[in-house]
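1. what's the 3D shape of this:
(chains A, B, C and D)
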Protein chains: 2
Amino acid sequence: MVQTSADPRVQQKVLEKKREILDAASRVFRRRGLQSTGMRDIAAELGMAVGNLYYYFKDKEELLAFVQEGTLEGLLDLAVQVRKNRLPADARLALLIEGHVVLLNEGIPGSLAHLEVEALREPWRRKVQDQRDAYERTFREILEEGMAAGVFRQTDPKVTAMAILGALNWTVKWFRPDGGKTALEIGRECAELLVRGVMA
Amino acid sequence: MVQTSADPRVQQKVLEKKREILDAASRVFRRRGLQSTGMRDIAAELGMAVGNLYYYFKDKEELLAFVQEGTLEGLLDLAVQVRKNRLPADARLALLIEGHVVLLNEGIPGSLAHLEVEALREPWRRKVQDQRDAYERTFREILEEGMAAGVFRQTDPKVTAMAILGALNWTVKWFRPDGGKTALEIGRECAELLVRGVMA
DNA sequence: GCACAATTTGAACCATGGTTCAAACTTCCG
DNA sequence: CGGAAGTTTGAACCATGGTTCAAATTGTGC
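-> Down below sits the predicted model:
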């Protein structure tokens, strides 16, 4: 098992390797989907032997959990950026929407693997779900803020947030980089549609 | 194997049994999701032995394909109904949206199993995908019609249709009958959001 | 009742794919 | 070098769960 050494040099190297594996796993999960991705596929993507993965990660579930956390980290970063600025609610919602679509679709076209919390069992599921809830809360907050300011019409922020997120998450199912539009362009069109939808 | 008899009495009985099995499978797929649903679970839902399922269906994939076709049939019916009437585009889009949400969420809360074409292999995949394309075309048509009539603003109908469908399909991931709102209410809120989003 | 077809059973079979592990290899000081 | 710690290998192991099938049961026409 890894992590038996106290040497910081070694620990550093292990961390790098872990990240490398996670990146590869992330790619393969996106490309092939959750079920079609085998440990052997991930190993092949790295040119290493299957068993080696287990030197760095306990099992496939842990691997997936970290991959999902990675995606959520990116989204949470985005949320922080958007929260920071002082634009009106509609502009901020648009930014959040565009960023979300770009993050989910940049690089390799993908499956929903990065978002399928249902695939995780209980220690992990809660952890990832909590992060996800936190992220989704950002949408609700912006919506509520916009309603309070009178820019948005009155709606149930929970329902509206989930409807918006559905539209965005679903893009990974149909967006293809070679489809003639960039992820950002798609993001803009989504923003246009959804922000207009909530305007007062 | 079934279907060796030419007796219409027998054929009728077989059809009924098939429907019964498909209904059960439909329920279990919704409840447990695609991967968590075993043949044994479906058999248990019916109180029959596993092997018996194979008397009526070739394999799990065929079962899933028929279940998905059943869902699509319902949606296509809806599309026909909506096409029939002579309301303006915005009203028709709203009807389609509401109906879609209700169909996907009535009865048991669900997973996306009914919509995961990716889980099917090539003979079936094409067949189901074609039906799905036909259904999605309805959205594009209404959008184009609305744009032509000037009720809707100019957008890329393909992208807009997929964005709308994403919001709707995603409802099965979060809607719960005991959540205080009915599927129809959710459908109405989605319609409000999305129709407003495309209005000129 | 009897024979024959149709249906149902469930234990056994088997493919897939996650997981283990002892051996081989590398790295890095002393 | 030498050897200990760290890393990698890949064949073998094994659990899960879809699938088969011969036997048992039920239904039907004569």
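
2. Quick check: buried residues in stretch A:175-190?
-> By 16 or more other Cβ atoms under 10 Å in any protein chain shown, the buried positions in stretch A:175-190 come out as A:175, A:181, A:183, A:186-190. Yep, even glycine has a C-beta here, placed from its N, CA and C like the rest.

3. Check what pLDDT the residue nearest to residue A:18 when sequence neighbours are not counted gets.
-> Spatial nearest neighbour of residue A:18, chain neighbours left out: residue A:56 (5.3 Å); criterion: Cβ to Cβ, 6 or more residues apart in numbering or on different chains. Listed pLDDT for residue A:56 reads 96.

4. do you know how far the residue nearest to the spatial centre of chain A is from residue B:53?
-> By Cα atoms, centre = their mean, the mean C-alpha position of chain A lies nearest to residue A:71, the distance being 3.4 Å. In this view, residue A:71 and residue B:53 are 37 Å apart by Cβ to Cβ, to the nearest Å.

5. now swap in residue A:195 and tell me
-> 48 Å.

6. In contact with the residue nearest to the centre of chain A, which residues?
-> A:26, A:103-104, A:114-115 (Cβ atoms under 8 Å, 6 or more residues apart in numbering or on different chains).

7. with those residues in mind, which one is nearest to DNA strand D?
-> residue A:26 (18.4 Å; Cβ to the nearest atom of the strand).

8. Next up, identify which helix or strand whichever residue of chain A sits closest to DNA strand D is on.
-> Ranked by Cβ to the nearest atom of the strand, the top residue of chain A for proximity to DNA strand D is residue A:51, at 1.6 Å. Assigned by DSSP states H and E, residue A:51 falls within helix A:50-56.

9. anything in the helix or strand following that helix near DNA strand C?
-> Next helix or strand after helix A:50-56 toward the C-terminus (DSSP H and E): helix A:60-84. Yes. In terms of Cβ under 7 Å from any atom of the strand, part of helix A:60-84 sits within range of DNA strand C, namely A:60-61.

10. counting contacts, what elements does the following helix or strand past helix A:60-84 pack onto?
-> Going down the chain from helix A:60-84, the next helix or strand is helix A:89-105, by DSSP H and E. With contacts defined as 3 or more Cβ pairs under 8 Å, 6 or more residues apart in numbering or on different chains; DSSP states H and E, helix A:89-105 has these neighbours: helix A:60-84, helix A:122-149, helix A:157-174, helix A:183-198.

11. Extract the C-alpha set from helix A:89-105 and format it as CSV.
-> Extracted in CSV, the C-alpha atoms of helix A:89-105 (Å, rounded to 0.1, in the frame of the first residue of the first chain):
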residue,chain,number,x,y,z
ALA,A,89,-28.3,39.1,-11.0
ASP,A,90,-29.1,38.4,-14.6
ALA,A,91,-25.6,39.0,-15.8
ARG,A,92,-24.2,36.8,-13.0
LEU,A,93,-26.6,34.0,-13.8
ALA,A,94,-25.5,34.2,-17.4
LEU,A,95,-21.9,33.9,-16.4
LEU,A,96,-22.6,31.0,-14.2
ILE,A,97,-24.5,29.2,-16.9
GLU,A,98,-21.8,29.8,-19.5
GLY,A,99,-19.0,28.7,-17.2
HIS,A,100,-20.9,25.6,-16.3
VAL,A,101,-21.4,24.5,-19.9
VAL,A,102,-17.8,25.2,-20.8
LEU,A,103,-16.4,23.3,-17.8
LEU,A,104,-18.5,20.2,-18.5
ASN,A,105,-17.8,20.1,-22.2
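
12. quick one: buried residues of it?
-> A:89-90, A:92-105.

13. for stretch A:55-70, same thing?
-> By neighbour count on 16+ other Cβ under 10 Å, the buried set for stretch A:55-70 is A:56-57, A:60, A:63-70.

14. and what of stretch A:106-120?
-> Taking 16+ other Cβ under 10 Å as the criterion, stretch A:106-120 shows A:109-117, A:119-120 as buried.

15. and that stretch, is it in reach of DNA strand C?
-> No. Looking at stretch A:106-120 against DNA strand C by Cβ under 7 Å from any atom of the strand, there are no contacts, and the closest approach is 11.2 Å.

16. List the neighbours of that stretch that are in contact with it.
-> A:26-27, A:29-34, A:37, A:61, A:64-65, A:67-68, A:71, A:104, A:125, A:128-129, A:132, A:169, A:172-173, A:175-177, A:183, B:33, B:35, B:111, B:118.

17. give me every residue that touches residue A:188.
-> Contacts for residue A:188 (Cβ under 8 Å, 6+ apart) come out as residue A:98.
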